[in-house]
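**Q** I would like to see how this sequence folds:
(2 chains)
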Protein chains: 2
Amino acid sequence: MVKEVKKDTSSEDFKKSLMAFVSDKGFVYGPSPEIYGGMAGFYDFGPAGKTLKNNIENSIRKLFSRFQFFEVECPIVTPKIVWEASGHLGGFSDPLVKCTKCTSIWRVDNLISEQFEIDTDPLTIEQLKEFLQKNTVSCPSCKTKLSDDVKKHSLMLKTQVGIDTEMYNRPETATTTYLPFLNYVRFFRDKLPFGIFQIGNAYRNEISPRQHVIRGREFTQAEAQVFLFKEQKENFARFSEVENVVVPFLTAKNQKEEKGVDRMSVGEAIKKKVLKNQAYAWTLGITYQLFREIGILDENIRFKQHMPEKLAFYADDAWDLEVKFNSFGWIECCGCHDRTDYDLTTHGKFSGKELSALNTLTNKKEIPHILEIAIGPNRLLLGVLDNFYDKKAEEAGKTKLKLPAKLSPVKAAIFPLMKKPELQKVAKEVFENLSNEFLVIMDESGSIGKRYLRQDEIGTPICITIDYDSIEKDKSVTIRDRDSEKQVRVKISELREVVRKVIEGEDLLKLGKLVEARVKEE
Amino acid sequence: MVKEVKKDTSSEDFKKSLMAFVSDKGFVYGPSPEIYGGMAGFYDFGPAGKTLKNNIENSIRKLFSRFQFFEVECPIVTPKIVWEASGHLGGFSDPLVKCTKCTSIWRVDNLISEQFEIDTDPLTIEQLKEFLQKNTVSCPSCKTKLSDDVKKHSLMLKTQVGIDTEMYNRPETATTTYLPFLNYVRFFRDKLPFGIFQIGNAYRNEISPRQHVIRGREFTQAEAQVFLFKEQKENFARFSEVENVVVPFLTAKNQKEEKGVDRMSVGEAIKKKVLKNQAYAWTLGITYQLFREIGILDENIRFKQHMPEKLAFYADDAWDLEVKFNSFGWIECCGCHDRTDYDLTTHGKFSGKELSALNTLTNKKEIPHILEIAIGPNRLLLGVLDNFYDKKAEEAGKTKLKLPAKLSPVKAAIFPLMKKPELQKVAKEVFENLSNEFLVIMDESGSIGKRYLRQDEIGTPICITIDYDSIEKDKSVTIRDRDSEKQVRVKISELREVVRKVIEGEDLLKLGKLVEARVKEE
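**A** I've put the predicted structure just below:
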């Protein structure tokens, strides 16, 4: 008999407060569409949330571009044969049990791992049945003991196009990225390695979607693929760029021995054979950099290796980047996979087209390998909100979202001190100038204090107040730093440069001394 | 008997050349997935095309943000009841006829309007049947006369979620944008008017998708909605911003009288009652500005009014912004619609939730009206490629894509003059600095001339060559202007600012004189 698990409620209060916050402040609404009762696993990203999501996706874009990956967009709706080839139509399914009393339907592997201290990932349908026979797994709705009638439920969303052509909403972006491989070879003029990424939606018909946007039925993926020949893995030109980056590794071995994370440089990880080759190590290195650049603290990141016995049969190695949420604990936000030549070989066979390229080292046509970085932007968005949400006491009304400025939905809010035409005129000029480059808003209503509070809650790093000195005296404005609540005086002519620098990560207060000096000089 | 139409082949050569170009240079591949034979109406946006698409979408974002619209993202997969309420499930269909001989299936209204000089838009199924009885409409495949067995074919893509819940891939983004209305009211603290936009995919199961990405089965929409009370339409605060913008109007009256476009300011259009109210006029004004800012010439833009008899029953007025393609003629790329209070009323009824807000002028709860700007980014992308594609003689190899710099996929290409470590080192430093802000690439292979040609073809505005003077003499580089092919010398320390200014639309050559002067000073 396996041990039953007590439910961990330590983070429940924080979770409740965070969930209310993300909805109240316009980040995520749902399940969507709310007015029609909502469908589990579907969410709306509201005015604050969508802009934050854009900024996260643009951080991903920028990192990939810096490493010369190019973005593509492939259709969501894809023919049946693609998913026959990829194996999704055969194997991509969940084990379900229907409660004989209340008729609720449950994902039985999840129920077992929640109610018992057991990892159900490697269990087959037969093993799950056996477990249900030997143990009492109860229906969460009506508490009846569940039967062993486990059924496979496909996670694919089927549709029809034309008169009767069977097509599917893709279950992942990656497969659709592989298919135009021969076009990429042409674009890169036969030079491998090259990198391609895609940011787009994918679908999984989960039976019980849970944990907010962490496990939605419609979700965004940002998946990058490096196409390279096998021997290019060992001696990868870009490796030196990440060689000295120190990364927290939770190896399969440490997991077995119940040990924690080993911190070492990517170079050391290669020497100690923690990672198998330079190219794959490089994907972990840049992924770690990305999450750090987005602002996740080092202590809230770890790379967890897949246990060798659980690797997909074609995979050579796989590590997940996990982020520590205050609400949900450690959550996988990215996976790095060495997919070998499996995908191009398989789609080559199914399509009858040879998906190969000329390897100038061997002077032969070869099928390249693929290294994949698969990021979940929706999870990352919730992780960012979770990690930067800073709630003070309920009554103080001093909730802050301490986002890095580059992620903030609104970069600057402009406040005319009063609703007077002469102040509004200058405010409008400031607005026009800044809005050519940044998302800024004008707020004219309520006290300055209340206006500050509203911006603090959605993470706006800079508030700009236009007062009578702005017109009469020094052509400068007061800008207030969100986190320190300190103020500096900046010349209107230097404002755009100051906002740009704050977004790039410079400290407004340090910057402030410089710019204030120039205000006083005049 | 109606007149038969001769096929216009004047633009066929250009069209053929353009289609080859967009595929060869990595803009659009398809129909997708090509290796599996392709499914009509689905396309891949390649490495150059997706980045161009991003830049177009970001131009739309920037314009909407400047006018304080906020972006949201709502699910693509939506419950049945939403489309019952919107009327799409009942009415959103095409009339089909199956050829009795070769069994090809055709959209009969399109066939008739192609083979005869007749507008089939207003015809009912019964009227189409009658036309087929009285005229010989032939099957384009086997030339057999088609029968009058016209069938309605739904354009909706159906799927199933959970065990058996019927859901649909949305046929438009707009409806999904309306649904969280009450959340928006909370976000904007009950202050109307406010604006919301969404950029995302939608689906139409066209039977014969044609004209490349102009009419895809999966396509992107960028739809903005202004929510406002009825009386706010007449006296719209932002109207002054567009009052003097001169716009080409092709009114319903002029269309009937076979007259051309009337150019007048938006203010004049209100005075002459060409447009009904200030708020709606404003949507046309900013839409026109957007297309001009994207770089479409004034002569290639016109606003065409829907004929009153063809307006949707709930619509108060509707105008399409059309762009003139060299390949496909005038193509609708955007529609501006006054949708009245129809949508919020309907979804209020179907959901049982009152979709209203407090009108402080009347002190009553009222259902707001919606003004819509519906842009087709995929069409606009093809329009931009079409309008800026500048092909010289085949043999000259001097094809240029004269994109405005802000749309160019790659902002600058960096060329070390030779593959020498000392040049590569400086090139890498330049790359690192620029890639923090822009999408730039490094190209080290082939002659400088060949490297220029490659960049000209994908529209890169700036090429930067690193030579020995860059290291030894003046710490400056040669930058070459795409369109004039002239070169200027710029200090490395000023490069980022120069690239930024060129993207903002400044002329590199004018800028060049200034920056060159500073190189010589030292």
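**Q** Double-check A:Thr176 against A:Asn169; I have them as touching.
**A** No. Contact criterion Cβ atoms under 8 Å: A:Thr176 and A:Asn169 do not qualify, at 11.1 Å. The way it works is simple: take the backbone N, C-alpha and C, and place the C-beta from them, glycine included.
**Q** residues in the stretch 101-250 of chain A within reach of chain B, list them.
**A** Within reach of chain B by Cβ under 8 Å from any Cβ of the partner chain, the stretch 101-250 of chain A has these residues: A:105, A:153, A:157-163, A:165, A:167, A:169, A:176, A:179-180, A:182-184, A:186-187, A:189, A:191, A:196, A:201, A:203, A:205, A:207, A:217-218.
**Q** Inside helices: which ones of those?
**A** A:Thr176, A:Leu182, A:Asn183, A:Tyr184, A:Arg186, A:Phe187 (DSSP state H).
**Q** Most proximal residue of the stretch 51-200 of chain A with respect to chain B?
**A** Evaluated by Cβ to the nearest Cβ, the stretch 51-200 of chain A has A:Phe70 as its residue closest to chain B, separated by 3.5 Å.
**Q** Bridge partners for that residue, pull those for me.
**A** Taking DSSP bridges, one obtains A:Ile196 as the residues bridged to A:Phe70.
**Q** A:Ala222 too?
**A** With DSSP bridges as the rule, A:Ala222 is bridged to A:Ile199, A:Ile375.
**Q** what sits against it?
**A** A:Glu57, A:Ile60, A:Phe197, A:Gln198, A:Ile199, A:Ala374, A:Ile375, A:Gly376, A:Pro377 (Cβ atoms under 8 Å, 6 or more residues apart in numbering or on different chains).
**Q** Would you confirm that the last one contacts A:Ile60?
**A** Yes. Using Cβ under 8 Å as the test, A:Pro377 is close enough to A:Ile60 to be in contact (7.0 Å).
**Q** Now the common contact residues for these two.
**A** Common contacts of A:Pro377 and A:Ile60 (Cβ under 8 Å, 6+ apart): A:Ile199, A:Ala222.
**Q** how much space between the residue of the stretch 51-200 of chain A closest to chain B and A:Phe194?
**A** Here the criterion is Cβ to Cβ, to the nearest Å. By it, A:Phe70 lies 8 Å from A:Phe194.
**Q** Ok, A:Thr460 next?
**A** Distance, A:Thr460 to A:Phe194, using Cβ to Cβ: 39 Å.
**Q** between the two, which one's more packed in?
**A** Using other Cβ atoms under 10 Å in any protein chain shown as the criterion, A:Thr460 and A:Phe194 rank with A:Thr460 on top: 25 against 21.
**Q** that older thread, quick check: PyMOL command selecting the buried ones in the contacts of A:Ala222.
**A** For the buried members of the contacts of A:Ala222, the matching PyMOL selection, counting by 16 or more other Cβ atoms under 10 Å in any protein chain shown, is:
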select buried, chain A and resi 57+60+197+198+199+374+375+376+377
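**Q** Out of the contacts of A:Ala222, which is nearest to B:Val247?
**A** A:Glu57 (34.2 Å; Cβ to Cβ).
**Q** Could you figure out how far the host helix or strand of that closest one is turned away from helix B:47-66?
**A** Assessed by DSSP states H and E, A:Glu57 sits inside helix A:47-66. Helix A:47-66 runs at 150 degrees relative to helix B:47-66, counting by axes from the mean of the first three to the mean of the last three Cα atoms, to 10 degrees.
**Q** average pLDDT across helix A:47-66?
**A** Mean pLDDT, helix A:47-66: 97.
**Q** Now do the residue most central in space within chain A against A:Glu73, distance only.
**A** Centroid-nearest residue in chain A: A:Pro377, 2.5 Å away (criterion: Cα atoms, centre = their mean). As defined by Cβ to Cβ, A:Pro377 lies at a distance of 15 Å from A:Glu73.
**Q** which ones are touching the residue in the stretch 351-500 of chain A that chain B sits nearest to?
**A** The nearest approach of the stretch 351-500 of chain A to chain B comes at A:Ser351, 4.0 Å away (Cβ to the nearest Cβ). Applying Cβ under 8 Å, 6+ apart, one finds that A:Ser351 lies in contact with A:Ala85, B:Ile35, B:Tyr36.
**Q** Now restrict those to buried residues only.
**A** A:Ala85, B:Ile35, B:Tyr36.
**Q** My reading is that the first one lies in a strand. Confirm?
**A** No. Residue assignment for A:Ala85, taken from DSSP: H, G, I helix; E, B strand; the rest coil, gives helix, which places it outside any strand.
**Q** Quick check: which element contains the spatially closest residue to it that is not a sequence neighbour?
**A** Excluding its sequence neighbours, the residue lying closest to A:Ala85 (Cβ to Cβ, 6 or more residues apart in numbering or on different chains) is A:Phe350, at 3.7 Å. In this structure, A:Phe350 sits in helix A:342-351 according to DSSP H and E.
**Q** hey, C-alpha coordinates of that helix in CSV?
**A** Output of helix A:342-351 as CSV, limited to C-alpha atoms (Å, rounded to 0.1, in the frame of the first residue of the first chain):
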residue,chain,number,x,y,z
TYR,A,342,14.1,11.5,-35.8
ASP,A,343,11.7,14.2,-37.1
LEU,A,344,13.3,14.9,-40.5
THR,A,345,13.7,11.2,-41.1
THR,A,346,10.1,10.5,-40.2
HIS,A,347,8.6,13.3,-42.3
GLY,A,348,10.9,12.4,-45.1
LYS,A,349,9.5,8.9,-45.1
PHE,A,350,5.9,9.9,-44.8
SER,A,351,6.1,12.6,-47.5
